[in-house]
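Peer 1: Here is a sequence with its predicted model. Questions after.
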Amino acid sequence: MNGPVDVARPFRGRVFRYGDHVNTDVIFPGRYTYTKSRPEEVAPHALEDLDPTFAERVRPGDVIVAGWNWGCGSSREQAAVCLRYAGVGAVVARSFGRIFYRNALNNGLLAIVCPEAVDALEEGGEVEVDLEASAIRRGEAVFAFSPFSPAVRSMIAAGGLIEQTKRRLAAE
Amino acid sequence: MTEHGRPADTAARTFAQKALARAAGEEAAAVGQIVDARPGIVLSHDNTAPIAEIWRQFGQERVSIPERMAVTLDHAVPAPTVRHARNHAEVRAFVAEQGVAHFFEVGRGICHQVLSEEAVVLPGDLILGSDSHTPHFGWLGAFGAGVGRSEMAVIWATGELWLRVPESIRIRLEGALGEWVTTKDVALTLIGDLGADGALYRSVEFAGPGIGGLSLDSRAALVNMMAEMGAKNAYMPPDDDVFRYLAERLLTRPGRRAGRGAEAGEAAAEVAARLEEGALYPDPGAGYAAEHRLDLSRVEPRVARPHQVDDTVGVGELESVRVDQAFIGTCTNGRIEDLGAVHRVMAGRRTAPGTRMVIVPASSEVWSEALSRGWVADLAAAGAVFGTPGCGPCMGNHLGVLAPGEVCISSANRNFQGRMGDRGSEVYLASPAVVAASAVAGRIVHPREVTE
Ligand code: SF4
C-alpha cells in the first residue's frame, strides 16, 4: 500500500481514465463496508470491481480522470478513503455524486470538476496538480479549475475534516 | 414530460429553502447559500461503530446530541459472521454508553422504514443520515440527506453541519396509475428519462394532483428512488393521510419528542393538526431549475438493466432473460403493499424450476402484518424463502448473494456491478409484481402473463 500524498502542495502522477457514472460499489465493494474501515484495510480494495489491477498499479500522486457523476450511489466514505490511501491525489471529473464529493474533500482527496482536462488528458500521461494555483498541468498545457474556498483549502491543509474538528474542539 | 422555465418570484421559496432555513435558525435562505444546519434527527446503522471510532478521536466523553440520535441494526442481521457480530456488539455498547435516544435492534427493520413507522422523523424536520437513501424521509415532508461517516462524527460532536441550499426541480404528477403499474415504474421512468445524474445535487420536489391518489407505501418508494437520480433530498407535500399515519403512531409512543409528541388522552386529530402546523410547503411561484410533468396513467412497467439504474426498458423488451433469483425487499419495495402485490401474483402458483425467491420484509411490522394476513404461509407454499427484516441481500452482505454469471431480478434500488455478490453477476430492477411474475415464469415477464 502506498499511503496518502500531500495534496496541499503541487504533486505529479500518471492518469488513470474511467467512464461515466462510476459508482461507489465498484470503487469500494459493499461486501466489505461493515467489516473493513481502516485506511490500510480498505486501500488494497480500491476500484476492485471496476479495475482489479488498479490497486497494484497505482502510485502516490496518480490522478483519476473520469466522466459524469463519479462516485454516485452509496454514502460509504471508504470509497474516498481507499483511493486516497492507495495514493490517488485527485479525481478529475465532469461531475461528482454529492456525498462522494464531500467525503473526498473531507478526507483530503481532491475532487476537481474540470471538463477541459477530462477532454484532454490521456491514459498513462503525466500530470501535475496544483491546488494553490487551481491548475492542472500537462507539459505546456494548463487546465484551470474553479478555486476551492479558503475554508476548504484550510481544511485540506489541516489534514481533513477530522483533524480540523479536533483543533476546533480543542480551541473551544 | 415537458420542461419549461418561468420567471421566479424572488420572495417565494422552495421546500429546500424553507427546510434548511428552519434547521439553521435563519429567517430565510437563498439557493446556493451555505447554512450551519442543526438536524432534528441523525441516523446511522451498522456503520455506527466505525463512526464512533472516528468520533473518539475528538476526545469527548459524551456526544453532544444523544437525544437526536437514531441507530438501527439492519444492514447484516442477524450477524452472518464473527466480524459482523463484533461490529454489532460495538454498536450496542456505544448506544448504551452514550444514551442514544432511539435504538432499534436486529430484526426491527431497515432504518428508513423503522424511523418512519416509529414517527421519529416528522414533517418539516431535517434528518441527516450516514446512508445514501436518507432522502427517503421526504415522503413525510422532511428534508433528508445523506452524509459520510466523518461528517456524522462531527455532527455527534458539534450538533451541526454546513449544507449548501440546493437548486430544486419540480416534478408534477397527474392522473392515476394503471393496473400492474407502481411508483417503482414511475421512478424507473423518471430516472431513465432524466438520467442517473438528472437531479444531481438538487432537491426533487413532487407536486400535483397525482400525489393524493398514491398510497403512503408507494409514495415512500418513489421518493426513496430519487437518490438514484443523484438528488440531495426529495420531497412530497404531506397531506392528511401522512399526518394521520404519524399521529396514530405518536399516540402509541407517548413522550417521543418533547413538545411534538402526543400527550396522554389527546385525540389523533389534535396531534395531526399539530403536525400539519409544523409541515413545510413550497410557495407558489418559487424558482425551480427545471420543471417536469408526468401523467401517471401513461407509465408502463419498467425494468433497469445491469449495471445502471438509468438503463431502463419496458418489461416486454426483456422476455428472453432467464432469472436465477428473484428478490423482494429493501427500503424501496419491502413494505406491506409490496408483499401484497407479490401475494396477488404468486399465491396458488409456484416458482419456476431453477428459480429461487427470497423475500425480506422491510420491518418487523411488515413481517407481522404479512403473517397475520396469511400471506407468509401462501408465499412459502409458492416456494419463497424469508429472511429477517432488514436490508437482506441488497448490498451483497449476506442472505442471498449471487454467484458468478447468476441473474437476479430485484425490487431494490441499485443494480451496480457486484452489488449483490460476485462482480460477474447481474441485477435487474423492477416492481414487486414484475419480480414475482418473473419468479413464477423463470424469466422476466409482465405480471399479466402469469396471472391471466
Ligand atoms: S435496503 Fe439497501 S438501499 Fe436500503 S438502506 Fe438497506 S442497503 Fe441501503
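Peer 2: Done, it's in.
Peer 1: quick one: contacts for the residue lying closest to residue A:22 once chain neighbours are set aside?
Peer 2: Spatial nearest neighbour of residue A:22, chain neighbours left out: residue A:70 (5.4 Å); criterion: C-beta to C-beta, 6 or more residues apart in numbering or on different chains. Where you see a C-beta, it was placed from the backbone N, CA and C, and this is true even at glycine. By C-beta atoms under 8 Å, 6 or more residues apart in numbering or on different chains, residue A:70 lies in contact with A:18, A:22, A:64, A:91, A:93, A:95, A:96, A:97, A:100, A:111.
Peer 1: what pLDDT does the last one get?
Peer 2: In other words, residue A:111. Looking at residue A:111, its pLDDT stands at 97.
Peer 1: hang on, the earlier thing: where helices are concerned, which of the contacts of residue A:70 count?
Peer 2: Secondary structure defined by DSSP state H assigns residue A:100 of the contacts of residue A:70 to helices.
Peer 1: List just the nearest of the contacts of residue A:70 to the ligand.
Peer 2: The ligand lies nearest to residue A:97 out of these, by C-beta to the nearest ligand atom, at 14.6 Å.
Peer 1: what residues are up against the residue lying farthest from the centre of chain B?
Peer 2: Taking C-alpha atoms, centre = their mean, the residue of chain B most remote from its mean C-alpha position is residue B:59, at 34.1 Å. Listed by C-beta under 8 Å, 6+ apart, the contact partners of residue B:59 are A:166, A:169, A:170.
Peer 1: So for the last one, what's the pLDDT?
Peer 2: I take that to be residue A:170. Value for residue A:170, per-residue pLDDT: 91.
Peer 1: and it, backbone torsions?
Peer 2: Main-chain torsions, residue A:170, degrees, to the nearest 10: phi -70, psi -30.
Peer 1: which non-adjacent residue is nearest it?
Peer 2: In space, residue A:170 is closest to residue B:59, 7.8 Å off (C-beta to C-beta, 6+ apart).
Peer 1: do the second one as well
Peer 2: Distances taken as C-beta to C-beta, 6+ apart put residue B:58 closest to residue A:169, at 5.4 Å, once the chain neighbours are dropped.
Peer 1: Equivalent analysis for residue B:22, please.
Peer 2: residue B:124 (6.6 Å).
Peer 1: do the same with residue B:144
Peer 2: residue B:137 is the one closest to residue B:144 (C-beta to C-beta, 6+ apart), at 3.6 Å.
Peer 1: What residues sit buried inside the biggest strand by length in chain A?
Peer 2: For chain A, the strand reaching the highest residue count under DSSP state E is reported as strand A:11-17. By 16 or more other C-beta atoms under 10 Å in any protein chain shown, the buried positions in strand A:11-17 come out as A:11, A:13, A:15, A:16, A:17.
Peer 1: Repeat that for stretch B:301-314.
Peer 2: B:301, B:302, B:303, B:304, B:305, B:306, B:307, B:308, B:309, B:310, B:311, B:312.
Peer 1: Check stretch B:374-387 too.
Peer 2: Buried residues in stretch B:374-387 (16+ other C-beta under 10 Å): B:375, B:376, B:378, B:379, B:382, B:383, B:384, B:386, B:387.
Peer 1: in chain A, which spans are strands?
Peer 2: Under DSSP E, chain A gives strands at A:11-17, A:63-65, A:90-93, A:110-113, A:126-130, A:135-138, A:141-144.
Peer 1: so can I have a markdown table of these showing distance to residue B:206?
Peer 2: Converted to a markdown table, these look like this (distance: least, C-beta to C-beta, whole Å):
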| stretch | distance to residue B:206 |
| --- | --- |
| strand A:11-17 | 38 |
| strand A:63-65 | 35 |
| strand A:90-93 | 29 |
| strand A:110-113 | 28 |
| strand A:126-130 | 41 |
| strand A:135-138 | 40 |
| strand A:141-144 | 39 |
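Peer 1: what residue ranges in the stretch 301-450 of chain B score low on pLDDT?
Peer 2: Judged by pLDDT under 70, the stretch 301-450 of chain B has no weakly predicted residues.
Peer 1: quick one: contacts of whichever strand or helix holds residue B:22?
Peer 2: For residue B:22, the host element (DSSP states H and E) is helix B:15-24. Residues from elsewhere that reach helix B:15-24, judged by C-beta under 8 Å, 6+ apart: B:13, B:27-31, B:35-40, B:124, B:126, B:142-143, B:163, B:165-166, B:168, B:203, B:205, B:232-233, B:235, B:237, B:280-282, B:286.
Peer 1: and the residues you listed, which are buried?
Peer 2: B:13, B:29, B:31, B:35, B:37-40, B:124, B:126, B:142-143, B:163, B:165-166, B:168, B:203, B:205, B:232-233, B:235, B:237, B:280-282, B:286.
Peer 1: now the helices: where do they sit in chain A?
Peer 2: Using DSSP H, helices in chain A cover A:24-27, A:39-42, A:54-57, A:78-86, A:98-106, A:115-120, A:150-157, A:161-171.
Peer 1: Any buried residues in the third one, and which?
Peer 2: Of the residues in helix A:54-57, those scored as buried under the neighbour-count criterion (16+ other C-beta under 10 Å) are A:54, A:55.
Peer 1: can I get the CA coordinates of it in CSV?
Peer 2: Presented in CSV, the C-alpha positions along helix A:54-57 are these (Å, rounded to 0.1, in the frame of the first residue of the first chain):
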residue,chain,number,x,y,z
PHE,A,54,-5.7,-0.8,-10.1
ALA,A,55,-4.6,-1.2,-6.5
GLU,A,56,-1.4,-2.9,-7.6
ARG,A,57,-0.6,-0.4,-10.4
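Peer 1: Serialize the buried residues of strand A:11-17 to TSV and add fields for pLDDT.
Peer 2: TSV is the format used below for the buried residues of strand A:11-17 (pLDDT from 0 to 100):
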residue	pLDDT
A:11	98
A:13	98
A:15	98
A:16	98
A:17	98
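Peer 1: Show me where the stretch 251-400 of chain B has its strands.
Peer 2: B:290-295, B:302-304, B:312-314, B:325-329, B:356-360, B:384-386 (DSSP state E, counting those that start in this stretch).
Peer 1: right, so of those strands, which gets closest to residue A:156?
Peer 2: strand B:290-295 (32.7 Å; C-beta to C-beta).
Peer 1: Near chain A, which residues of the stretch 251-400 of chain B are found?
Peer 2: Contact residues (C-beta under 8 Å from any C-beta of the partner chain) of the stretch 251-400 of chain B with chain A: B:308, B:310, B:395, B:396, B:397.
Peer 1: quick check, nearest of those residues to the ligand?
Peer 2: Once C-beta to the nearest ligand atom is applied, the member of those that ends up nearest the ligand is residue B:395, at 4.4 Å.
Peer 1: That closest one: what's its closest spatial neighbour, skipping adjacent residues?
Peer 2: Per C-beta to C-beta, 6+ apart, closest to residue B:395 is residue A:30, 3.7 Å.
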